[in-house]
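Asker: structure, please.
(chains A and B)
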Number of protein chains: 2
Amino acid sequence: MLPVKIAGLGWYLPERRVSNAELAEQWGIDPDWIEKASGVRERRYATFETAAGMGAEAARRALADAGMDLGEIEVIIGASTGPQQAIPCTAALVQRELGAPEGRSACFDVNATCLSFLFALHAAAHLITGGAYRNVLIYSSEINTRSLNPKEPQSAALFGDAAAAAVITQAGVGEASAIWHTALETYSSGAEATEIIGGGTLHHPNDPRTTPEMNLFHMDGLAIFRMAAALSEPFLDRFLATLKWERAEVDAVVPHQASRHVIEQFTRRLGFREDQVVWALAERGNCVGASLPLTLAEAVARKRIKRGDRILLAGTGAGLTLGAMALTF
Amino acid sequence: MLPVKIAGLGWYLPERRVSNAELAEQWGIDPDWIEKASGVRERRYATFETAAGMGAEAARRALADAGMDLGEIEVIIGASTGPQQAIPCTAALVQRELGAPEGRSACFDVNATCLSFLFALHAAAHLITGGAYRNVLIYSSEINTRSLNPKEPQSAALFGDAAAAAVITQAGVGEASAIWHTALETYSSGAEATEIIGGGTLHHPNDPRTTPEMNLFHMDGLAIFRMAAALSEPFLDRFLATLKWERAEVDAVVPHQASRHVIEQFTRRLGFREDQVVWALAERGNCVGASLPLTLAEAVARKRIKRGDRILLAGTGAGLTLGAMALTF
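Answerer: Predicted coordinates for the structure are as follows:
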């Protein structure tokens, strides 16, 4: 048990709303098919916004929610898939956007695509309980819609942009907040099922052999769904057996908002009741690394999740990685 | 004090050696000027090698050095600046390259450019001492020479490619190995002095407004040197005051191999003797995130650093971030 607390949460949504009708017209497909296939009715696309600007705005709101000053933050972890630019890490750019005191915080990025927030929170919790830091800011700011492939509308329709942030602190004496158990497992035989092969050293943007297609997101949705579905049940059984929680005792399951089918799989096949599972997919889409903290933050803001609740954060990320974390909020 | 141990180290150098004469001919400059200005005589450039392949080879050697099987590794942290591809994280690709058992390890990337290894080691040490994991593999695999700007030969001449890896475990009973103190501070007013503004969401590779120049490394070497020099002295004074080590007690200072001037600054102005400071710059160049673990690994292999030695890992990274870690090897 790690006596840490999510002391504040915040988020930022890009201004531009993108409807299924707009995508359907653009891609020449049926808008009803989009909602049926993806479970998404609307998503946001960043236009004038930058990843650091969105991350900083979400962070400001999380700090206000925690009642904390910028100067109290000792670490800024960027928990996002794509950086704003190749160098420096985006967390340093967020420190600058925030106007956070120079030298007061250490900035670094963590990337595990859709599970970036879980990995960052797991590391932050241990840095805090080990005494390295008191207050850690984690944000996830994702602008992945620039990498969508219109030739793959079934995956492209899923995604939206968003940022969310959390302030993590030691739990105070008498506070119930805690992280009880975390499990993260990578099955790299699934690496090719979710990828952008460009954007790195293998297909450098200046390499004349790099094609625009290489810089676009490719997902073999059916393959990754089947692989995740087969692995998730034993993964969750092991997780809950170690945790010693019954499924029925969980107040809120916050799944990564991967797609309608993935969340439904989480609800029915994995043995949770529909009212336990928090959805944000219809209005937000799959916001990659920002989905988990955004779904959590919005659920707390509308009081669906309250202090003392037993929460399960869970999902899959490209890799393929499975992740779950049980906490008392 | 964190009772953790660097149980094994390994590295991989790309086959192709690049001399100053070759760069001088290519860029139309004086080869003697390159060595004088940078302190680098030769560096390696990756050709057929991939970031994941180099990382996996360094990891295999680190595992052999630690006498550990692949199946014992529970986490693979990629501590590198550039990913191999945008999705998934490179650590997952290294799990696949290694043939490490599926699901046995959790894979994620950490990026703080030249200080990526320090951030990853700091987090890994707390994950281990907090009981989350027993054995963590950290690798740094950098192929940054594809982003060098020949119009900035003074910085372009500095860089080389390399990979290095470390296996981190709990220190055994009676073992002296420990991490004594870590300090990491980001001063983001220096962000613009070391950057690649492309390669992310701000200037997406498919955006027609993205120019090839945006995907190349830009460094205002003088500005960053002045800023780092002014900050390093008080930073190190605070670090050593907390640590309660005298400078003379340090067996080996392993600085990030940024440039000749930066390492000399570390030696003279910061009050270390020349024989305390470990150099790898002349034959390796600045290998970005791989420099710190590579310099450490090579120094251990040639017995410059031995078990029980007091080591200081220190350097600066884009951000601008200052970092230092004191450990008993």
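Asker: drop to CA atoms for contacts and neighbour counts, all remaining ones
Answerer: Fine.
Asker: can you give me the strands in chain A?
Answerer: A:4-12, A:16-19, A:42-45, A:75-79, A:106-111, A:135-142, A:162-170, A:178-186, A:194-195, A:218-219, A:252-255, A:310-317, A:321-328 (DSSP state E).
Asker: make JSON lines out of the ones you listed and add mean neighbour count, distance to chain B and mean pLDDT.
Answerer: JSON lines is the format used below for the strands of chain A (neighbours: other CA atoms under 10 Å in any protein chain shown; distance: least, CA to the nearest CA, whole Å; pLDDT from 0 to 100):
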{"stretch": "strand A:4-12", "mean neighbour count": "25", "distance to chain B": "13", "mean pLDDT": "98"}
{"stretch": "strand A:16-19", "mean neighbour count": "16", "distance to chain B": "17", "mean pLDDT": "97"}
{"stretch": "strand A:42-45", "mean neighbour count": "23", "distance to chain B": "12", "mean pLDDT": "98"}
{"stretch": "strand A:75-79", "mean neighbour count": "29", "distance to chain B": "9", "mean pLDDT": "98"}
{"stretch": "strand A:106-111", "mean neighbour count": "30", "distance to chain B": "5", "mean pLDDT": "98"}
{"stretch": "strand A:135-142", "mean neighbour count": "32", "distance to chain B": "9", "mean pLDDT": "98"}
{"stretch": "strand A:162-170", "mean neighbour count": "29", "distance to chain B": "13", "mean pLDDT": "98"}
{"stretch": "strand A:178-186", "mean neighbour count": "22", "distance to chain B": "5", "mean pLDDT": "98"}
{"stretch": "strand A:194-195", "mean neighbour count": "21", "distance to chain B": "5", "mean pLDDT": "95"}
{"stretch": "strand A:218-219", "mean neighbour count": "20", "distance to chain B": "9", "mean pLDDT": "94"}
{"stretch": "strand A:252-255", "mean neighbour count": "25", "distance to chain B": "19", "mean pLDDT": "98"}
{"stretch": "strand A:310-317", "mean neighbour count": "24", "distance to chain B": "8", "mean pLDDT": "97"}
{"stretch": "strand A:321-328", "mean neighbour count": "24", "distance to chain B": "7", "mean pLDDT": "98"}
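Asker: how about those in CSV, adding distance to A:Leu296?
Answerer: Formatted as CSV, the strands of chain A follow (distance: least, CA to CA, whole Å):
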stretch, distance to A:Leu296
strand A:4-12, 8
strand A:16-19, 21
strand A:42-45, 17
strand A:75-79, 15
strand A:106-111, 19
strand A:135-142, 13
strand A:162-170, 9
strand A:178-186, 15
strand A:194-195, 24
strand A:218-219, 25
strand A:252-255, 7
strand A:310-317, 8
strand A:321-328, 12
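Asker: in the sheet, which residues pair with A:Met325? Tell me.
Answerer: A:Thr182, A:Leu313 (DSSP bridges).
Asker: thinking again about what came up before, so which of the strands of chain A comes closest to A:Glu57?
Answerer: Among those, the nearest to A:Glu57 by CA to CA is strand A:4-12 (6.3 Å).
Asker: what's in contact with that closest one?
Answerer: Contacting residues not belonging to strand A:4-12 are listed as A:54-55, A:57-67, A:125, A:128-129, A:162-171, A:177-179, A:293-294, A:297, A:329 [CA atoms under 8 Å, 6 or more residues apart in numbering or on different chains].
Asker: same thing with stretch A:63-73?
Answerer: With CA under 8 Å, 6+ apart, stretch A:63-73 has contacts from A:7-10, A:98, A:100-101, A:104-105, A:135-137, A:166-167.
Asker: nearest to A:Phe225, out of these: which one, please.
Answerer: A:Ala166 (29.0 Å).
Asker: quick one, what contacts the closest one?
Answerer: Contact partners of A:Ala166, counting by CA under 8 Å, 6+ apart, are A:Ile6, A:Ala7, A:Gly8, A:Leu9, A:Gly10, A:Ala59, A:Ala62, A:Leu63, A:Leu137, A:Ile138, A:Tyr139, A:Pro293.
Asker: with A:Leu148 instead?
Answerer: Under the criterion of CA under 8 Å, 6+ apart, the neighbours of A:Leu148 are A:Ala156, A:Leu216, A:Phe217.
Asker: same question for A:Ala106.
Answerer: A:Glu74, A:Val75, A:Ile76, B:Leu184, B:Glu185, B:Thr186, B:Thr321.
Asker: so which of those is the closest to A:Thr210?
Answerer: Proximity of those to A:Thr210 (CA to CA) peaks at B:Thr321, which lies at 32.3 Å.
Asker: the residue nearest to that closest one when sequence neighbours are not counted: what's it in contact with?
Answerer: Distances taken as CA to CA, 6 or more residues apart in numbering or on different chains place B:Thr186 nearest to B:Thr321, at 4.0 Å, with adjacent residues excluded. Residues near B:Thr186 by CA under 8 Å, 6+ apart: A:Ala92, A:Glu102, A:Gly103, A:Arg104, A:Ser105, A:Ala106, A:Cys107, B:Gly319, B:Leu320, B:Thr321, B:Leu322.
Asker: now A:Val94. Nearest residue, chain neighbours left out?
Answerer: Distances taken as CA to CA, 6+ apart place A:Ala52 nearest to A:Val94, at 4.9 Å, with adjacent residues excluded.
Asker: let me fix that, I meant to ask about A:Ala178.
Answerer: A:Pro3 (4.5 Å).
Asker: distance of that neighbour from chain B?
Answerer: Separation of A:Pro3 from chain B (CA to the nearest CA, to the nearest Å): 12 Å.
Asker: that residue: how many residues sit nearby?
Answerer: Look at A:Pro3: counted by other CA atoms under 10 Å in any protein chain shown, it has 21 neighbours.
Asker: just to check, it is in contact with A:Gly174?
Answerer: No - contact criterion CA atoms under 8 Å: A:Pro3 and A:Gly174 do not qualify, at 10.5 Å.
Asker: who touches both of these two?
Answerer: Shared contacts of A:Pro3 and A:Gly174 (CA under 8 Å, 6+ apart): none.
Asker: for A:Thr321, see how far away the residue lying farthest from the centre of chain A is.
Answerer: The C-alpha centroid of chain A is most remote from A:Pro208, which lies 33.3 Å away (CA atoms, centre = their mean). Remark: distance between A:Pro208 and A:Thr321 (CA to CA, to the nearest Å) = 32 Å.
Asker: still on that earlier bit, neighbour-wise, which of the contacts of A:Leu148 leads?
Answerer: Greatest neighbour count in those, by other CA under 10 Å, goes to A:Leu216: 27 neighbours.
Asker: check contacts around A:Leu320.
Answerer: Counting by CA under 8 Å, 6+ apart, A:Leu320 has contacts A:Thr186, A:Tyr187, A:Ser188, A:Ser189, A:Gly190, A:Ala191, A:Thr194, A:Ala228, B:Ala92.
Asker: can I get these in JSON lines with distance to A:Ala314?
Answerer: As requested, the contacts of A:Leu320 are exported to JSON lines (distance: CA to CA, whole Å):
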{"residue": "A:Thr186", "distance to A:Ala314": "14"}
{"residue": "A:Tyr187", "distance to A:Ala314": "16"}
{"residue": "A:Ser188", "distance to A:Ala314": "18"}
{"residue": "A:Ser189", "distance to A:Ala314": "20"}
{"residue": "A:Gly190", "distance to A:Ala314": "18"}
{"residue": "A:Ala191", "distance to A:Ala314": "19"}
{"residue": "A:Thr194", "distance to A:Ala314": "18"}
{"residue": "A:Ala228", "distance to A:Ala314": "12"}
{"residue": "B:Ala92", "distance to A:Ala314": "19"}
